[in-house]
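Chemist: have a look at this fold, sequence not included:
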């Protein structure tokens, strides 16, 4: 059964309360052992993920073994991270202004290599994604890759497909959803070049979700 997200349109609590709630979630994630295959991998969820008051949250696939799986910082330490930094800079955003997380918080590694997260692992981690969004209450959620979109589909009860919805501004109940491709070398070399991804990133809205909803109805 697909989960429905809780309504996020509650008045923001004070920063200290947000930080305290996030620290509790971080602690719970660090002790999670729901996925047997990932039990020995650290959960990448901490202050290194970004700004808890961000208006934009990026949801990618999972920590990479040379990136976040090694550094503890999403999209940092590998070529995917370098590409992500390039794309952020292209739209004049910095890490300090956004929050970055993943559909699965631990690095799914197999035979020494990254592998695609299993559906069961995405489902097991969905509560952490839902609660992260509940804490931050972003106006815009940007998924990076099909796995990130799959995780949001699970929360919203939707069936969006990346190849059909890429760079579109989709109105969800509590935020604007923008599905984009992942900035990994495999994707930029064979599926969605960095030059096109720069154009896609330009589609990320800066207005509030409420404003976007009004515009979408005109």
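Modeler: That came through, no problem. Note that the structure is a prediction, hence the values are computed from the model and not measured.
Chemist: give me the secondary structure label for the residue nearest the centre of the chain.
Modeler: Taking C-alpha atoms, centre = their mean, the centroid of the chain lies closest to residue 59, which sits 1.0 Å from it. At residue 59 the chain is in strand, as set by DSSP: H, G, I helix; E, B strand; the rest coil.
Chemist: quick one: the closest residue to it other than its chain neighbours from residue 111, how far?
Modeler: For residue 59, ignoring the flanking residues on the chain, the nearest one in space by C-beta to C-beta, 6 or more residues apart in numbering is residue 148 at 4.2 Å. The way it works is simple: take the backbone N, C-alpha and C, and place the C-beta from them, glycine included. Distance, residue 148 to residue 111, by C-beta to C-beta, to the nearest Å: 24 Å.
Chemist: got any ranges where this protein has weak pLDDT?
Modeler: 1-13, 207-218 (pLDDT under 70).
Chemist: what about the helices in it?
Modeler: In the chain, the segments counted as helices under DSSP state H are 15-30, 68-71, 79-90, 119-136, 146-156, 162-165, 185-190, 194-201, 209-216.
Chemist: so of those helices, which one's packed in deepest?
Modeler: helix 146-156 (a mean of 22; mean count of other C-beta atoms under 10 Å).
Chemist: ok and it relative to helix 119-136, angle-wise?
Modeler: Inter-element angle recorded for helix 146-156 and helix 119-136: 70 degrees (by axes from the mean of the first three to the mean of the last three C-alpha atoms, to 10 degrees).
Chemist: which secondary structure elements does helix 146-156 contact?
Modeler: In terms of contacts (3 or more C-beta pairs under 8 Å, 6 or more residues apart in numbering; DSSP states H and E), helix 146-156 is packed against strand 56-60, helix 119-136, strand 140-144, helix 162-165, strand 176-180.
Chemist: re earlier: quick one: the residue nearest to residue 59 from residue 23, how far?
Modeler: Counting by C-beta to C-beta - residue 148 and residue 23 are separated by 24 Å.
Chemist: re earlier: quick check: the residue nearest to residue 59 vs residue 57, distance?
Modeler: Residue 148 is 10 Å from residue 57, by C-beta to C-beta.
Chemist: now do residue 169
Modeler: Residue 169 sits 15 Å away from residue 57, taking C-beta to C-beta as the criterion.
Chemist: ok, residue 38 next?
Modeler: In terms of C-beta to C-beta, residue 38 sits 22 Å off from residue 57.
Chemist: equivalent analysis for residue 20, please.
Modeler: To residue 57, residue 20 is 19 Å away according to C-beta to C-beta.
Chemist: what of residue 72?
Modeler: In terms of C-beta to C-beta, residue 72 sits 18 Å off from residue 57.
Chemist: who are the contact partners of the residue nearest to the centre of the chain?
Modeler: 101-103, 129, 141-144, 148, 151-152 (C-beta atoms under 8 Å, 6 or more residues apart in numbering).
Chemist: cool, and residue 166?
Modeler: 179-181, 192, 200.
Chemist: ignoring the adjacent residues along the chain, who's closest to residue 61?
Modeler: residue 147 (4.1 Å).
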